[in-house]
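Asker: structure here, sequence nowhere to be found:
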């Protein structure tokens, strides 16, 4: 049931992308009676979403949403020319600018996802005003931080053998773009992010003394599936490695592939590897070791069964804003491999929930694979701890954190 607006406390607009998980901030405020509108590119109206089987937004009535559908239409029409976020940025800026006008005419308080922050703050700079309160939800680490990490990764891997990855979004941004991000953050009163690495990325590139709230994402726990996963694996029982991700540089799989190839045959043959990926960098895809099974599309039941049947989820990401897929793996008891530049670094313990490995390091990845091959029974002993931590990372805990952040802002001097 919708909650009645809180008459005593101010309400907020939430400026967000049109995807299920991104609505959770709006849901958090709606539960507290503090949501004015969720301003998004497209939100299915109540009369329609009750008639479709796949309801992306069933927890928030469309009467709390302001759907700026021309943005979604514009993005769809121009999709061939907007194949990366840098070229799509002007659409995001337009959406943020229009959302700011609506906010100014409404509650003049907002939580804005970082995709739209530059456009949103541009309107307020144009009129020489500030919102009464502004929280940025920083989705990804900042572009200057990602650029540094990605450049270091390229240099490290190129010392092993020459390679040219697909150009990353941050490599396309120029100094003006990065200055725009810093200037937009300067108008904020508070920042919410999902991981410690995202917080570090903001602090590394600015001298802003912004209050931060690190609120880990929740996740829909994968449910038990009756699908027989044996068809995904070989007949001979070996250590089952599973990867579910886009094969791009950020996911760090080039290090795993190179390390696996360099293992002595007697160690390498103890592993089998299944990868689920339908989008990626062809340069990295070409590095996949012979015998690796590549899958493109699975049903939710098939993915759940495959996850549960794996011994270890392998994704040593170079950089992640959080990494929901790690939580999905742990939700069926599967230990994970993560790095310090991911969400699990804030909550998982090496040797308890899987293994932390240094990012962009062939030596560290090689040592980890050898350790796993030498102690395969240790993985089964981790499954109970993985299940326990995944159950704590739910959307109810996330929405509680968002409400606590807004309550803290109520007590904080703002720039309005």
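Answerer: Looks like it came in fine. Since this is a predicted model, take the numbers as computed values, not measurements. Numbers count the residues shown, from 1 in each chain.
Asker: C-alpha only now, for contacts and for neighbours.
Answerer: Noted.
Asker: please enumerate the helices of the stretch 101-250 of the chain.
Answerer: The residue ranges that make up the helices of the stretch 101-250 of the chain, judged by DSSP state H, counting those that start in this stretch, are 117-127, 143-158, 169-172, 175-186, 196-205.
Asker: hey, what's the nearest residue to residue 376 once chain neighbours are set aside bridged with?
Answerer: Nearest residue to residue 376, sequence neighbours excluded (Cα to Cα, 6 or more residues apart in numbering): residue 239, at 7.0 Å. For residue 239, the beta-bridge partners are residue 271 (DSSP bridges).
Asker: ok, residue 239 - how many residues close by?
Answerer: Residue 239: 20 surrounding residues under other Cα atoms under 10 Å.
Asker: make sure it is actually in contact with residue 272.
Answerer: Yes. Look at residue 239 against residue 272 with Cα atoms under 8 Å: they come within range, at 6.1 Å.
Asker: for the nearest residue to residue 243 once chain neighbours are set aside, list each beta-bridge partner.
Answerer: Closest residue to residue 243 apart from its sequence neighbours, by Cα to Cα, 6+ apart: residue 275 at 4.7 Å. For residue 275, the beta-bridge partners are residue 243, residue 294 (DSSP bridges).
Asker: how about residue 275, what does it touch?
Answerer: Shown in contact with residue 275 (Cα atoms under 8 Å, 6 or more residues apart in numbering): 242, 243, 244, 245, 292, 293, 294, 295.
Asker: from those residues, which is closest to residue 369?
Answerer: When the contacts of residue 275 are ranked by distance to residue 369 (Cα to Cα), residue 242 comes first, at 13.5 Å.
Asker: what residues does that closest one make contact with?
Answerer: So residue 242 contacts 273, 274, 275, 276, 307, 310, 311, 312, 313, 314 (Cα under 8 Å, 6+ apart).
Asker: those residues, buried ones only, as a ChimeraX selection?
Answerer: Applying 16 or more other Cα atoms under 10 Å to those, the buried members can be selected in ChimeraX as follows:
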select :273,274,275,276,307,310,311,312,313,314
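Asker: let me know the helix or strand that the most far-flung residue of the chain relative to its centre is in.
Answerer: Most distant residue from the mean C-alpha position of the chain: residue 266, 36.6 Å away (Cα atoms, centre = their mean). When elements are defined using DSSP states H and E, residue 266 is found to belong to helix 265-268.
Asker: for the stretch 251-400 of the chain, give me the ranges with low pLDDT.
Answerer: 279 (pLDDT under 70).
Asker: same thing but 50
Answerer: Applying pLDDT under 50 to the stretch 251-400 of the chain picks out no residues at all.
Asker: what segments of it are helices?
Answerer: Using DSSP H, counting those that start in this stretch, helices in the stretch 251-400 of the chain cover 253-262, 265-268, 282-285, 300-309, 324-330, 362-374, 377-381, 383-392, 395-410.
Asker: which stretch among the helices of the stretch 101-250 of the chain comes nearest residue 102?
Answerer: Per Cα to Cα, nearest to residue 102 of the helices of the stretch 101-250 of the chain: helix 117-127, 10.2 Å.
Asker: among the contacts of residue 275, which pair sits farthest apart?
Answerer: Maximum pairwise distance among the contacts of residue 275 (Cα to Cα): 14.8 Å, between 245 and 292.
Asker: more neighbours: which of these two?
Answerer: Using other Cα under 10 Å as the criterion, residue 245 and residue 292 rank with residue 245 on top: 18 against 14.
Asker: skipping its backbone neighbours, what lies nearest that one in space?
Answerer: Closest to residue 245 by Cα to Cα, 6+ apart is residue 277, at 5.5 Å.
Asker: could you single out the nearest of the contacts of residue 242 to residue 381?
Answerer: residue 311 (10.6 Å).
Asker: could you find the closest non-adjacent residue to that closest one?
Answerer: residue 240 (5.0 Å).
Asker: I figured that neighbour hits residue 308, correct?
Answerer: No. Counting by Cα under 8 Å, residue 240 does not reach residue 308; the two are 10.6 Å apart.
Asker: more crowded one of the two?
Answerer: Ranked by neighbour count (other Cα under 10 Å), residue 240 and residue 308 place residue 308 first, with 24 against 18.
Asker: nearest spatial neighbour of the more buried one, skipping sequence neighbours?
Answerer: residue 332 (5.2 Å).
Asker: can you tell me how far that neighbour is from residue 30?
Answerer: Distance of residue 332 to residue 30, given as Cα to Cα, to the nearest Å: 31 Å.
Asker: then residue 199?
Answerer: 26 Å.
Asker: higher neighbour count, the two?
Answerer: Counting neighbours by other Cα under 10 Å for residue 199 and for residue 30 shows that residue 30 has the greater number, 26 against 21.
Asker: quickly find the element holding the more buried one.
Answerer: helix 24-31.
Asker: please apply the same query to residue 66.
Answerer: Using DSSP H and E, the element containing residue 66 is strand 65-67.
Asker: circling back to that earlier point, next one: the residue nearest to residue 311, what pLDDT does it get?
Answerer: Note for residue 240: predicted pLDDT of 98.
Asker: could you do residue 148 as well?
Answerer: Turning to residue 148, the model gives it a pLDDT of 92.
Asker: show me the contacts for it.
Answerer: Going by Cα under 8 Å, 6+ apart, the list of residues near residue 148 is empty.
Asker: now swap in residue 408 and tell me
Answerer: Listed by Cα under 8 Å, 6+ apart, the contact set of residue 408 is empty.
Asker: any idea how far residue 361 lies from residue 145?
Answerer: With Cα to Cα as the criterion, residue 361 and residue 145 are 18 Å apart.
Asker: ignore the last one, residue 157
Answerer: 18 Å.
Asker: for residue 123, give its distance to residue 12.
Answerer: 17 Å.
Asker: more crowded one of those two?
Answerer: Neighbours per residue, other Cα under 10 Å: of residue 123 and residue 12, the larger number sits with residue 12, 27 against 20.
Asker: unless I'm mixing things up, that one is touching residue 37, no?
Answerer: Yes. Assessed by Cα under 8 Å, residue 12 is found in contact with residue 37 at 7.1 Å.
Asker: any shared contact partners between these two?
Answerer: If you check residue 12 and residue 37 against Cα under 8 Å, 6+ apart, no residue is contacted by both.
Asker: distance to residue 255 added to the contacts of residue 242, as JSON lines?
Answerer: Formatted as JSON lines, these follow (distance: Cα to Cα, whole Å):
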{"residue": "273", "distance to residue 255": "14"}
{"residue": "274", "distance to residue 255": "16"}
{"residue": "275", "distance to residue 255": "15"}
{"residue": "276", "distance to residue 255": "17"}
{"residue": "307", "distance to residue 255": "22"}
{"residue": "310", "distance to residue 255": "20"}
{"residue": "311", "distance to residue 255": "20"}
{"residue": "312", "distance to residue 255": "16"}
{"residue": "313", "distance to residue 255": "15"}
{"residue": "314", "distance to residue 255": "11"}
